[in-house]
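1. okay, here's the prediction I keep looking at, along with the sequence it came from:
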Amino acid sequence: MRHDEMIGKVQALAQLPDRGTAERATHAVLSTLSERLPSGLARHVAAQLPPGLAAAMRETADSSGTGSGAIGERFGLTVFAGRIADRAGTREDTALREAAAVLEVLDAALAPELTERMAGALPADIRELLPVGRTTENTAGPR
């Protein structure tokens with residue numbers, strides 16, 4: 001999926017007023033997601049994204065882990081929403097809506113097995129933001 005297409009879909013799904021807001025939200029979610037995922041997995045996700053969006057994930061993965069096996073930070077939905085809100089300059093309830101939109105677009109953009117690995121690496125409360133089919137496929141506890 002191309003960069004413009006992804007941003008357009010995020011804008012539509014999250015009902016954002018303009019592309020700039022959608023771009024900020026997407027970068028905020030991807031950076032925060034990259035902090036939560038093991039760094040190697042974050043780099044694999046980034047590899048399947050357009051360059052401008054991949055950079056947000058790679059920079060965070062590179063700064064938070066020293067190697068491909070580095071474990072992501074352990075935090076739940078409250079911290080996830082707070083970090084997105086801080087990065088996007090919005091409220092936490094808006095950040096959650098934006099995160100759900102970005103994760104839905106990611107679900108469509110990534111290879112299914114990679115999306116499943118990503119879902120499996122997230123705690124149940126964050127996993128609830130994924131499209132409905134993903135939340136029921138992965139019912140294991142937080143990792």
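-> Yep, it's here. Everything numeric in this text was worked out from a predicted model, so none of it was measured.
2. gap between the two ends of stretch 47-54?
-> With CA to CA, to the nearest Å as the measure, stretch 47-54 spans 7 Å from end to end.
3. show residues contacting that stretch.
-> With contacts defined as CB atoms under 8 Å, 6 or more residues apart in numbering, stretch 47-54 is touched by 1-3, 6, 26-27, 30, 46, 57, 109-111, 114. For glycine as for every other residue, the C-beta is placed from the backbone atoms N, C-alpha and C.
4. contacting residues around the nearest residue to Arg97 once chain neighbours are set aside?
-> Distances taken as CB to CB, 6 or more residues apart in numbering place Ala14 nearest to Arg97, at 5.5 Å, with adjacent residues excluded. Residues in contact with Ala14, defined by CB under 8 Å, 6+ apart, are 22, 25, 97-98, 100-102.
5. got a pLDDT number for Ala14?
-> We have a pLDDT of 97 for Ala14.
6. roughly how far does it sit from Glu35?
-> Using CB to CB, to the nearest Å, Ala14 is found at 21 Å from Glu35.
7. quick one, phi psi at Ala12?
-> phi -70, psi -50 (degrees, to the nearest 10).
8. what of Leu16?
-> phi -90, psi 150.
9. that one against Val10, yeah?
-> Yes - here Leu16 reaches Val10: they are 7.2 Å apart, a contact under CB atoms under 8 Å.
10. identify the contacts common to these two.
-> By CB under 8 Å, 6+ apart, the residues touching both Leu16 and Val10 are 22, 25, 98.
11. ranking by neighbours, what's the top pick from these?
-> Using other CB atoms under 10 Å as the neighbour test, the shared contacts of Leu16 and Val10 are led by Glu98, with 29 neighbours.
12. let's verify that residue: helix, strand, or coil?
-> Of the three states, Glu98 takes helix under DSSP: H, G, I helix; E, B strand; the rest coil.
13. give me the element Leu130 is part of.
-> For Leu130, there is no host helix or strand (DSSP states H and E).
14. for the nearest residue to it once chain neighbours are set aside, helix, strand, or coil?
-> Excluding its sequence neighbours, the residue lying closest to Leu130 (CB to CB, 6+ apart) is Leu103, at 5.3 Å. Under three-state DSSP, Leu103 falls in the helix class.
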